[in-house]
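A.B. asks: no sequence on this one, just coordinates:
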């Protein structure tokens, strides 16, 4: 996949993760893309290493969204701490 493809995929995954996780989100457009790309890599690696699916299966998209949601939750915890200090 090209770099532009990863950016677009990360944007879609990041937007879906933010939509599925209610609340106010720190960060903007770039943070959404980064969370989506890193979440997709994290979720995909985890799902394939555990053996839940093989590369190219549609469930990989769901794991990408799940990975982005986990990263968004972690990001909210750390971004919330830095603003309250």
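C.D. replies: Everything's here; your move. Small disclaimer: the values here were computed from a predicted structure and weren't measured.
A.B. asks: which residue is nearest the centroid of the chain?
C.D. replies: By C-alpha atoms, centre = their mean, the chain has its centre lying nearest to residue 68, at 2.0 Å.
A.B. asks: Below-threshold pLDDT in the chain: ranges please.
C.D. replies: The chain contains residues with pLDDT under 70 at 1, 25-26, 80-85.
A.B. asks: rerun that using 50 as the cut-off
C.D. replies: By pLDDT under 50, the low-scoring segments of the chain are 85.
A.B. asks: what ranges do the helices span in it?
C.D. replies: 3-20, 29-50, 59-84 (DSSP state H).
A.B. asks: Tell me if I'm right that the residue nearest to the centre of the chain and residue 12 touch.
C.D. replies: No: if you go by C-beta atoms under 8 Å, residue 68 and residue 12 don't touch, sitting 9.9 Å apart. (Each C-beta comes from the backbone N, C-alpha and C, glycine too.)
A.B. asks: hey, what's in contact with both of these two?
C.D. replies: residue 36 (C-beta atoms under 8 Å, 6 or more residues apart in numbering).
A.B. asks: and residue 47, what is it in contact with?
C.D. replies: Residues in contact with residue 47 (C-beta under 8 Å, 6+ apart) are 53, 59-60, 63.
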